[in-house]
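J.: How does the following fold in three dimensions:
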Amino acid sequence: MTRLSVNINKIATLRNARGGNIPDLLKAARDIESYGAQGITVHPRPDERHIRRNDVYGLKKIVRSEFNIEGYPSEDFLRLIEEVKPHQATLVPDPPGVLTSNAGWDTVKKQKFLVEVIGRIKAMNVRVSVFIAADTEMISHASTTGADRIELYTESYAKNYKVDKEAAIAPFIAAAKKANDIGLGINAGHDLSLENLAWFVKNIKGLQEVSIGHALISDSLYYGLENTVQMYLREIRKGSESI
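T.: Numbers count the residues shown, from 1 in each chain. Predicted coordinates for the structure are as follows:
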């Protein structure tokens with residue numbers, strides 16, 4: 001079954017807004033795991049506006065499920081990966097000041113760069129995923145970078161789901177087929193929610209992991225964190241059982 005990795009950036013954002021340690025990020029990560037999530041994701045940024053470097057070291061000590069660190073592969077990021085050695089490093093093409101991830105890699109123009117940084121990360125015995133749009137050409141070229149997986153950038157799916165869910169999912173079905181054909185693992189993330197998650201899981205063959213943060217943490221304000229994690233897991237099961 002597709003695994004749920006919870007991105008806890010927004011919990012850090014709330015903590016940082018007031019200072020101190022409320023909410024306690026490490027406790028939240030432990031609790032999320034105890035509620036059934038199979039992974040914890042963080043995306044530390046250079047300005048530390050949510051996840052701080054110290055958070056990453058603290059999480060390394062206590063996370064018992066899969067630990068996934070996202071980020072642009074700068075020298076600082078690569079040093080962090082080498083020191084922490086998470087289970088997975090997800091590479092995103094974000095410039096430092098961007099608000100949130102808003103594009104996938106151009107694996108043609110950035111091929112040489114990606115080959116180099118992915119080679120360095122894999123030498124650390126860390127699995128590598130690259131954030132990528134549902135573009136079969138970009139996915140084809142991702143296979144020659146040395147990446148183990150792709151993370152499908154799902155914003156367009158989420159935006160179009162209410163309008164026409166069949167049309168919204170179509171390019172992702174094609175993208176997943178290409179990835180499966182060339183031996184790339186498949187993750188997905190960005191704007192997946194309780195509303196659209198089951199349909200996505202149902203239609204994407206070989207989907208190994210979804211990384212969900214903003215929607216899940218927002219939903220937890222109404223439903224409670226434990227209940228919300230369980231709700232997302234139920235949607236994943238619903239999608240998996242209907243395959």
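J.: Every contact and neighbour count from this point should use C-alpha atoms.
T.: Fine.
J.: Name the nearest residue to Gly185, sequence neighbours excluded.
T.: Spatial nearest neighbour of Gly185, excluding adjacent residues (CA to CA, 6 or more residues apart in numbering): Arg149 at 4.2 Å.
J.: Now do Glu155: how many residues are near it, please.
T.: 17 (other CA atoms under 10 Å).
J.: one step back: could you double-check that the residue nearest to Gly185 sits in contact with Val130?
T.: Yes - contact criterion CA atoms under 8 Å: Arg149 and Val130 qualify, at 6.5 Å.
J.: show me where pLDDT drops low in this protein?
T.: Applying pLDDT under 70 to the chain flags residues 95-102, 243.
J.: What strand or helix carries the residue most central in space within it?
T.: What sits nearest the mean C-alpha location of the chain, by CA atoms, centre = their mean, is Ser211, with 3.8 Å. Using DSSP states H and E, Ser211 maps to strand 207-212.
J.: Which residue ranges of the protein form strands?
T.: Using DSSP state E, the strands of the chain run over 3-7, 39-42, 66-71, 88-91, 127-132, 149-153, 185-189, 207-212.
J.: can you give me the helices in the chain?
T.: Per DSSP state H, the chain carries helices over the ranges 9-18, 25-34, 53-62, 75-84, 111-122, 136-142, 155-161, 165-181, 197-203, 214-223, 225-241.
J.: could those helices go into TSV alongside distance to Gly104?
T.: Below are the helices of the chain laid out as TSV (distance: least, CA to CA, whole Å):
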stretch	distance to Gly104
helix 9-18	20
helix 25-34	27
helix 53-62	24
helix 75-84	18
helix 111-122	13
helix 136-142	9
helix 155-161	11
helix 165-181	13
helix 197-203	19
helix 214-223	19
helix 225-241	24
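J.: Among the ones you listed, which comes closest to Thr41?
T.: helix 9-18 (8.1 Å; CA to CA).
J.: Please name every helix or strand in contact with that closest one.
T.: Applying 3 or more CA pairs under 8 Å, 6 or more residues apart in numbering; DSSP states H and E, we find helix 9-18 packed against helix 25-34, helix 214-223.
J.: related to what we said a few turns ago, out of the helices of the chain, deepest packed?
T.: When you average the neighbours per residue for each of the helices of the chain (mean count of other CA atoms under 10 Å), helix 197-203 leads with a mean of 22.
J.: Can you give me the distance of Ala12 to Met138?
T.: Relative to Met138, Ala12 is positioned 33 Å away (CA to CA, to the nearest Å).
J.: Trp105 reaches Val130, doesn't it?
T.: Yes - with contact defined as CA under 8 Å, Trp105 reaches Val130; the gap is 7.3 Å.
J.: Name the residues contacting each of those two.
T.: Common neighbours of Trp105 and Val130, counting by CA atoms under 8 Å, 6 or more residues apart in numbering, are Val92.
J.: Compare these two (neighbour count), which wins?
T.: Ranked by neighbour count (other CA under 10 Å), Trp105 and Val130 place Val130 first, with 29 against 21.
J.: what is the more buried one paired to in the beta sheet?
T.: Taking DSSP bridges, one obtains Leu91, Ile150 as the residues bridged to Val130.
J.: coming back round to it: export the strands of the chain as a markdown table, with columns for distance to Pro23.
T.: Below are the strands of the chain laid out as a markdown table (distance: least, CA to CA, whole Å):
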| stretch | distance to Pro23 |
| --- | --- |
| strand 3-7 | 15 |
| strand 39-42 | 16 |
| strand 66-71 | 20 |
| strand 88-91 | 25 |
| strand 127-132 | 29 |
| strand 149-153 | 29 |
| strand 185-189 | 24 |
| strand 207-212 | 19 |
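J.: Of all those, which one is nearest Arg237?
T.: Closest among those, using CA to CA: strand 3-7, at 9.8 Å.
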